[in-house]
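K.L.:
give the three-dimensional model of this entry:
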Amino acid sequence: MRTLLKIIKQHITWRHQLLKLARADIIKTYSGSALGWAWAIIKPAVTIFVFWFAFDVGLKLGRGSSYNGYPFILWFMAAMMPWFFMEEMFTQGANSLRQYNYLVTKMRFPIATIPTFVGLSKILVHIALMGITIVFFLCYGFPPDRYLLQLPIYMLCMLFFFIAWAQFASMLTCMSKDFFNLIGAAVQALFWLSGILYDVHTMTVPGWLKTILLFNPITFVASGYRNTFIYKVWIWEEPRVLVYFLIMLTLMAAFALWAYRKLYKEIPDVL
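P.N.:
Residues are numbered from 1 along each chain as shown. Coordinates of the predicted model:
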């Protein structure tokens, strides 16, 4: 509890700097290229097009299918958009202390706040992408409705979990590059094992396997975005799934606090 209060106090004290650094992180990410900010849209657009072409045109798995009255491309996009944020936080969040090592070694910036401003920069880009997604739905004839009110809740759940993840993983990455390489190898596996390309709730698998899949925070977020845009289900209408996520969030926060308490004094020397 003392460690948690210390981290919260650091975030409150440095709150203005966090917002400035989040903005600087966005600029740094997309500067130095001719297209600049356009890459924030081009990369997701190309990825979604490739998957849509492979599944809907090539394999014809989505052609003619209707998901609560929505075409495959919208069903897929609803869960794919949050994945772009989660994928970046898996890797860049885990590497945040190494990327901004000068803040630790030269400025004595609070270590616990670095993954936070990286997460804030990614969520700002995600919010912009979700705005484009809403416009895309509108072009298909599906205007925003009342269920969109719960979208910020899922965004916050996703943000809090992955900031905790980045706090935990960035500490271990500083101590071992092998851990970061392991994360890179696991990202694609997590993508295929999560409920992004399929609906976990409708899978014909044993109950114990479905429970394991529902414990996956990625599945919670992807399903939540689909519930918002496609299935029109409120977050409290699936209490079991919400409890699973809160358990995982609590565990991730506990791991993050443990890693910080054990390693924060050694990080400046390692970096």
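K.L.:
any buried residues in stretch 233-241, and which?
P.N.:
Buried residues in stretch 233-241, counting neighbours by 16 or more other CB atoms under 10 Å, are found at Val233, Ile235, Glu238, Val241. For every residue, glycine as well, the C-beta is placed using N, CA and C.
K.L.:
quick one: residues contacting the last one.
P.N.:
Right, Val241. Val241 makes contact with Leu214, Phe220, Ser223, according to CB atoms under 8 Å, 6 or more residues apart in numbering.
K.L.:
and the helix or strand where it lies, how far out from the chain's middle?
P.N.:
Assigned by DSSP states H and E, Val241 belongs to helix 239-263. From the chain centre to the centre of helix 239-263 is a distance of 15 Å (CA atoms, centre = their mean, to the nearest Å).
K.L.:
can you name the next helix or strand after that helix?
P.N.:
That would be, after helix 239-263 and using DSSP H and E, helix 267-270.
K.L.:
show me what that next one is packed against.
P.N.:
Helix 267-270 is packed against helix 101-105, helix 151-175, with contacts defined by 3 or more CB pairs under 8 Å, 6 or more residues apart in numbering; DSSP states H and E.
K.L.:
buried residues, the helix or strand following the longest one. List them.
P.N.:
So that's helix 151-175. Next along the chain after helix 151-175, taking DSSP H and E as the criterion, comes helix 177-193. Buried residues in helix 177-193, counting neighbours by 16+ other CB under 10 Å, are found at Phe180, Ile183, Leu190, Phe191.
K.L.:
pLDDT value on the first one, please?
P.N.:
Reading off the confidence values, Phe180 has pLDDT 86.
K.L.:
so it makes contact with Met171?
P.N.:
No - counting by CB atoms under 8 Å, Phe180 stays clear of Met171, with 11.4 Å between them.
K.L.:
need the overlap of contacts for the two.
P.N.:
Counting by CB under 8 Å, 6+ apart, Phe180 and Met171 have no common neighbour.
K.L.:
quick one: the helix holding Val241 to helix 151-175, angle?
P.N.:
Computed by axes from the mean of the first three to the mean of the last three CA atoms, to 10 degrees, the angle separating helix 239-263 from helix 151-175 equals 30 degrees.
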